[in-house]
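S.K.: got a predicted structure here, sequence first:
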Amino acid sequence: MADKKSNLLLDIRNLRIEATVYPPGEPPKNIVIVHDVSLTLEKGKVLGLIGESGAGKSTIGLSSMGYGRGGVRITGGEVLLNGRDILKGGKQGLRKLRGHEVCYVAQSAAAAFNPAHRLMDQVVEATLLHGRATRAEAEKRAIKLFKALSLPDPEHIGERFPHQVSGGQLQRVMTAMALCSEPDLIVFDEPTTALDVTTQIDVLAAIKVAIRETGVAALYITHDLAVVAQVSDEIMVLRHGRLVEWGGTRQIIKEPRQDYTNALVSVHEIEHEEKKPGTASFLSVKNVTAAYGGGKVKVLKNVSVDIYPGQTLAVVGESGSGKSTLARAVTGLLPPEQGSITFDGRPLANRLADRPKEDLRQLQMIYQMADVAMNPRQTVGTIIGRPLEFYFGMRGRERDARVNELLDKIEMGKGFNDRYPAELSGGQKQRVCIARSLAAKPKLIICDEVTSALDPLVANGILKLLLDLQAEENVAYLFITHDLATVKSIADSIAVMYRGEVVRYGPKSEVLKPPFDAYTDLLLSSVPEMEMGWLEKAIKNRRMESAGN
Amino acid sequence: MSSPILKLVAQRVALGILLLLAVSVLIFAGTQVLPGDVAQSILGQAATPESLANLRAELGLNDPAYIRYFRWLGGVMTGDLGTALSSGQDIATSIGGRLWNTLFLAFCAALISVPLAILLGLLAVRYRNGWVDKLISGLALASTSFPEFFIGYLLVYFFAVQWQIFPGISTVYDGMPFLERMQAIALPAAALTLVVLAQMMRMTRAAILNVMQSAYVETAELKGLSAFSIIRKHALPNAVAPIINVVMLNLAYLIVGVVVVEVIFVYPGMGQYLVDHVSKRDVPVVQAVGLIFAAVYIALNIVADIASIVANPRLRHPK
């Protein structure tokens, strides 16, 4: 026991964190965002903090640096680092500790690096500030870390500015920045969430190697259980600022004791029977080529896909693959340079402005960011009622009845009629957007990453709703996503896009059946699985393949 | 230096020249629509129809307007700004010394006001929403809210009349010892500083506060940097572009808008010269001074544009 004590690095006791919120039209009020949470972390160990947004996981992570984001205050408890309460050291004490004993790796390295300074200056800044090394030593150490994190051209990458380096590389440079001052603890705050799945795996592997080699302890914050299962020794599940369950990684993912943990573990299991393509597709994209900047940047190359009534075509690919551009071409926002789009057997006008109102009604859209897709000054009733007036000329009682019907369809009910978007949760906002698009009684709804900004459980609810609505209304979906798990649960047919081209296309069962083409294989093998040791296996397979080539 | 910057700079300069040409057309056209012409102004009361006609022919006033415009423009380009009607003196020679005086005064005012404004802006951000911030903002606002002639007379009343530290009339002459010259322009420079300080300071504060929301400022904070080094090292470099723009706008004001202050302190600069000759309806002088003011304004704005382009690392170091 005494031995264990001496190994104790971080000991958070009865932590209570509060924030002041300013609800519109009401006096400011205090809310508690972390209730009485305690945790311990031994030297060299990794603890995963997992939960949905609002669970307080980032807030707890930052509390180990005595930091509260945007008016957040630690109002109770102790944060002992190496046996010393950091909350009692005052501002000076905290400044000495930050960037020295505890370092931070942010979610978006692209935003967390200062665009005005070279990478090396930023990487060694904390090390120099705290007098941990001379400039020459610090730079040498940084280059060694760049190498360990398998960054390209480690000798010179530090001379670059943040905008000259890719997102995945920046995330690794940020990890090097945290490791450079040889801290005892690193707080990783969703370090791979903003990355493409094929990039995520490399960054994850690099982080894991770096943690092992330097023996640093870490708090690893994420909402993705499959990711955290790869890097942490223990996992703590949080919800609404309270501890739900805390245990070894194996126990949490194999034998969760709490219902909530169980729900998180089994989140991706939606069963969806694939529908066979009917004889006639109603929307057909033929050899479409599209470009931005007056033909300079080709983003779609010769793309052909078909959509069948009441079915879902999932378009999957990484950022920059052209999947959202395909949606823009179909909606007429980006007229194609070549090729045609036919709808119900007749050609669809290329430009949005040339399309008759009836065509506009038939094609509706739902966006990733539900909160910016709605007018914040309009009530839910007005938002959903607008297409009813616009397309069908509905007024008064008839309109209100239909709005209520739609609210029932999205499982919200008429009580939401007079609410404003700001009063809704993320999932509710997306549901309102779904109701708005359904109001037009369209044949096709284009869903552009509609679940990407949502927590897994909420996203699941949205996917189930979309499937139910499809069965009721016989509406087709063009479902754009980067998430293969979502594709598996919702699609009837799949188009895999890569650099503007469709590299694989067909019914779901065929697309997801080996043999795969190289890119689809890479994509599928990069999706983290909820299984310990998956990361090592995936990396090993990849090495063997590249050796075989 | 890389080519995209050179291209952008060349573009701005070309645009500036084009703009200046457009302004010259406006100035010329503006003076043409005024009632009466130069011949009438010269002859004044003594004008008879014959003498008017003769003089008009002599001055080439019967030529179409565009020919006169190009003749004027040609003169300007070769440094010939024409002759003043009231005194018969060459405009270029009389402007020379005055332009220098105005620039000197503006330069001194800028030397005090720009660093002071930025420093106050930084301090206001450092102690934002505290009493230091409120005091700085309050004083700066008060100083801009007073009209400049009021500030000018206030300064004269206290510093020249009551305490007799500085002269109330800013007489300068060629070969004046540097210290005496500085003493002479102390009050007008102070008046100008007070006028331009607030806008620059508030813009600096706003621009930096905007950047303070960024994730990289949080990164700096989590590295343990002190509040002031965060502002100076991480926020300020990213707020340079808007600050440069407002600084240049105020520098232009220091030169172009100096008229009132020069009149108050009887300072022999461009402003005085312009006011004198407007009252004498001396059109060639007004044209020349207008064109010089426009050139200064455009040049400073080009400098601001170029400086903000160069301040952007994405342009300085393309991928």
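M.R.: That came through, no problem. Numbering: from 1, shown residues only, chains lettered A, B, ... in the order given.
S.K.: show me what counts as buried in stretch A:436-449.
M.R.: A:436-440, A:442-449 (16 or more other CB atoms under 10 Å in any protein chain shown). Quick note: C-beta positions are derived from backbone N, CA and C, even for glycine.
S.K.: burial measure for residue B:178, as a count.
M.R.: A total of 7 residues lie near residue B:178 under the criterion other CB atoms under 10 Å in any protein chain shown.
S.K.: how close does it get to chain A?
M.R.: Distance, residue B:178 to chain A, using CB to the nearest CB, to the nearest Å: 38 Å.
S.K.: how about the residues of the stretch 101-250 of chain B by chain A?
M.R.: Contact residues, the stretch 101-250 of chain B versus chain A (CB under 8 Å from any CB of the partner chain): B:214-216, B:218-226, B:234, B:237-238.
S.K.: where helices are concerned, which of those count?
M.R.: B:215-216, B:218-222 (DSSP state H).
S.K.: now tabulate the residues you listed in a markdown table and tack on pLDDT and neighbour count.
M.R.: Shown next, in a markdown table, are these (pLDDT from 0 to 100; neighbours: other CB atoms under 10 Å in any protein chain shown):
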| residue | pLDDT | neighbour count |
| --- | --- | --- |
| B:215 | 91 | 16 |
| B:216 | 93 | 24 |
| B:218 | 93 | 21 |
| B:219 | 94 | 26 |
| B:220 | 95 | 27 |
| B:221 | 93 | 21 |
| B:222 | 94 | 24 |
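S.K.: out of those, which comes closest to residue A:247?
M.R.: Nearest to residue A:247 among these: residue B:222, at 29.2 Å, using CB to CB.
S.K.: number of residues surrounding the spatially closest residue to the closest one that is not a sequence neighbour?
M.R.: Excluding its sequence neighbours, the residue lying closest to residue B:222 (CB to CB, 6 or more residues apart in numbering or on different chains) is residue A:104, at 4.4 Å. Other residues lying near residue A:104 total 28 when counted by other CB under 10 Å.
S.K.: isn't there a strand covering residue A:104?
M.R.: Yes. Checked against DSSP: H, G, I helix; E, B strand; the rest coil, residue A:104 lies within a strand.
S.K.: how near is it to residue A:507?
M.R.: 46 Å (CB to CB, to the nearest Å).
S.K.: check residue A:165 too.
M.R.: Taking CB to CB, one finds residue A:165 at 40 Å from residue A:507.
S.K.: what about those two, which has more around it?
M.R.: residue A:165 (21 against 17).
S.K.: which parts of chain A sit against chain B?
M.R.: Counting by CB under 8 Å from any CB, chain A sits next to chain B at A:65, A:67, A:69, A:94-100, A:103-104, A:106, A:108, A:111-117, A:122, A:125-126, A:129-130, A:160-161, A:163-164.
S.K.: name the nearest residue to residue A:301, sequence neighbours excluded.
M.R.: For residue A:301, the spatially nearest residue (CB to CB, 6+ apart) is residue A:500, at 4.5 Å.
S.K.: ok, the one you found touching residue A:323?
M.R.: No. Checked against CB atoms under 8 Å, the pair residue A:500 and residue A:323 is beyond contact range at 9.6 Å.
S.K.: show me which helix or strand of chain A is least confident by mean pLDDT.
M.R.: helix A:2-7 (a mean of 59; mean pLDDT, DSSP states H and E).
S.K.: now the angle from whatever helix or strand residue B:181 lives in to helix B:215-222?
M.R.: Following DSSP states H and E, one finds residue B:181 within helix B:178-212. Here helix B:178-212 runs at an angle of 100 degrees relative to helix B:215-222 (axes from the mean of the first three to the mean of the last three CA atoms, to 10 degrees).
S.K.: quick one: mean pLDDT for helix B:178-212?
M.R.: Averaged over helix B:178-212, pLDDT sits at 89.
S.K.: stretch A:538-549 too?
M.R.: The predicted model assigns stretch A:538-549 a mean pLDDT of 74.
S.K.: circling back: helices - which of the buried residues of stretch A:436-449 land there?
M.R.: Among these, the residues falling in helices (DSSP H) are A:436-439.
S.K.: just the buried residues of the residues of chain A next to chain B.
M.R.: The buried subset of the residues of chain A next to chain B (16+ other CB under 10 Å) comprises A:65, A:67, A:94-95, A:97-100, A:103-104, A:106, A:108, A:111-117, A:122, A:125-126, A:129-130, A:160-161, A:164.
S.K.: of all the buried residues of stretch A:436-449, which comes closest to chain B?
M.R.: Closest approach to chain B among the buried residues of stretch A:436-449 (CB to the nearest CB): residue A:449, at 22.0 Å.
S.K.: next, give phi and psi for that closest one.
M.R.: phi 50, psi 50 (degrees, to the nearest 10).
S.K.: Provide the count of other residues in contact range of the residue lying closest to it once chain neighbours are set aside.
M.R.: Excluding its sequence neighbours, the residue lying closest to residue A:449 (CB to CB, 6+ apart) is residue A:368, at 4.0 Å. By other CB under 10 Å, 18 other residues sit near residue A:368.
S.K.: so residue A:368: helix, strand or coil?
M.R.: Going by three-state DSSP: residue A:368 is coil.
S.K.: ok, residue A:289 next?
M.R.: Residue A:289 - assigned by three-state DSSP - is strand.
S.K.: many thanks, I have nothing further to ask.
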